[in-house]
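Novice: Following is a predicted model, sequence given first.
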Amino acid sequence: MSEIGKFPIDLIERTVYAHLGAKNQAVLVGPGHGRDNTVIQANGDQVLIATADPLSVIPALGFRDSAYISIHLLASDLATCGFPPRFFMANLNLPPHMKNEEFEEYWNCIDEECKKLGVAIVGGHTGRYVGSDYTVVGGGVMMTFAPKDQYVDSTMSKPGDAVLMTKGTAIATTAILTRVFPQTIENAFGTAFLKKAHAYLEKFSVVEDALAVASVGRREKGVTAMHDVTEGGLTGALYELTEASGVGVEVDLSKVPVTKEAKQICELFNLSPYSTLSEGTLIATVKPKKADETQQALKEKGIESAVIGKIISQKEGRWIKTEGKKKPLEKPTVDPYWAAYWKATQEGWK
């Protein structure tokens, strides 16, 4: 079986980034490592910012939670530009066995979450097709407009910026594994632990995190770049962001928040909490003099944060400090989460 999850960077570089269709000068930010959004020149001083991601139905999570995750993955990516998402399009290629009432439950949640986010659903395509099946059932595009001189993206970090993160590591890993293997986790850590870990799904979005960070100021006035932590975890996201910005980084893992729930579930599944799936975590680079103010803005929203390092020049390298020693930040490959998930399934974990 081929590796699952995001393609390795080398393969993406060779097959995708080297073949991007016709050139167009209106494309200000196109595809690249660690880039959540594309930026296209619109009229006057406005730009169109857009992102794309899969839409999924994960049977173990149910239709409603699957829809919640799908819409917030898109909204989180887009919000890293520092402006709220505004428009959504969906392409749903659903399996023939999906019932009408199941689709209604899925779509009702998408509608509710879009209303909460202030997002208008503006088009798409929906149907059942032979050959389609769960978990990935299509894709979505989310968009917004922003002033050309005010948005941020992951190419804008500069040496000297502070590196800040929200919530902690392995948020998505904790949320999903708890819901897919509840019996195993309850047997290992007890009912109270399971209940607390189960609620991690509510932390899945970084929209509020990103908008709180941007409220302090953008570019020279505050945040210079943001990136949500997805496959590859914190270390993968740090590599992607520094690659996109052409800078180096120094991060001290002793300053990285790891909750008790994330730590114990990662140990159970033999995963590192620093390099596994963590939707719900935002990393942001901010001007050092704005770091305290940014953390205060997050705190007022009830969002925990920590300053975990700083951006340095590219020639100084990428470094992770752990147990008093500096190690090179390694280029991410396939997230080990997928192998751990597959192994637990094959072994009959419930």
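Specialist: Yep, it's here.
Novice: Please count neighbours and contacts with C-alpha atoms only from this point.
Specialist: Fine.
Novice: The one helix or strand residue 104 maps to packs against which elements?
Specialist: Here residue 104, judged by DSSP states H and E, is contained in helix 100-117. Contact partners of helix 100-117 among helices and strands, from 3 or more CA pairs under 8 Å, 6 or more residues apart in numbering; DSSP states H and E: helix 63-79, strand 120-128.
Novice: Give the bridge partners for residue 140, please.
Specialist: Using DSSP bridges, the bridge partners assigned to residue 140 are residue 53, residue 90.
Novice: Where does the prediction get shaky in the stretch 201-350 of the chain?
Specialist: Along the stretch 201-350 of the chain, the model assigns pLDDT under 70 to no residue.
Novice: and if we set it to 80?
Specialist: For the stretch 201-350 of the chain, the stretches with pLDDT under 80 are 332-334.
Novice: before we move on, what about the stretch 51-200 of the chain?
Specialist: Filtered on pLDDT under 80, the stretch 51-200 of the chain yields no residues whatsoever.
Novice: List of residues touching stretch 116-135?
Specialist: Here stretch 116-135 makes contact (CA atoms under 8 Å, 6 or more residues apart in numbering) with 56-59, 84-96, 98, 111, 114.
Novice: can we see that at 7 Å?
Specialist: The contact list for stretch 116-135, computed with CA atoms under 7 Å, 6 or more residues apart in numbering, reads 56-58, 85-96, 114.
Novice: Also stretch 7-14?
Specialist: Under the contact criterion CA under 7 Å, 6+ apart, stretch 7-14 has outside partners 333-334.
Novice: Going by neighbour count, list what's buried in stretch 128-139.
Specialist: Residues 128, 132-133, 135-139 are the ones in stretch 128-139 that count as buried (16 or more other CA atoms under 10 Å).
Novice: Stretch 177-197 too?
Specialist: 177-182, 184-185, 193-194, 197.
Novice: How far away from the center of its chain is that stretch?
Specialist: 24 Å (CA atoms, centre = their mean, to the nearest Å).
Novice: all strands for the chain, in order.
Specialist: Counting by DSSP state E, the segments of the chain that form strands are 27-29, 38-41, 46-56, 87-94, 120-128, 136-147, 162-166, 223-229, 248-252, 281-286, 305-312, 318-322, 325-328.
Novice: would you list those strands in a markdown table and tack on distance to residue 266?
Specialist: A markdown table is the format used below for the strands of the chain (distance: least, CA to CA, whole Å):
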| stretch | distance to residue 266 |
| --- | --- |
| strand 27-29 | 36 |
| strand 38-41 | 33 |
| strand 46-56 | 23 |
| strand 87-94 | 32 |
| strand 120-128 | 37 |
| strand 136-147 | 24 |
| strand 162-166 | 19 |
| strand 223-229 | 16 |
| strand 248-252 | 20 |
| strand 281-286 | 16 |
| strand 305-312 | 21 |
| strand 318-322 | 18 |
| strand 325-328 | 22 |
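Novice: measure residue 283 to residue 67 for me?
Specialist: With the distance defined as CA to CA, to the nearest Å, residue 283 ends up 24 Å from residue 67.
Novice: who has more neighbours, the two?
Specialist: Using other CA atoms under 10 Å as the criterion, residue 283 and residue 67 rank with residue 283 on top: 27 against 24.
Novice: Name the nearest residue to that one, sequence neighbours excluded.
Specialist: Nearest non-adjacent residue to residue 283, counting by CA to CA, 6 or more residues apart in numbering: residue 165, 4.4 Å away.
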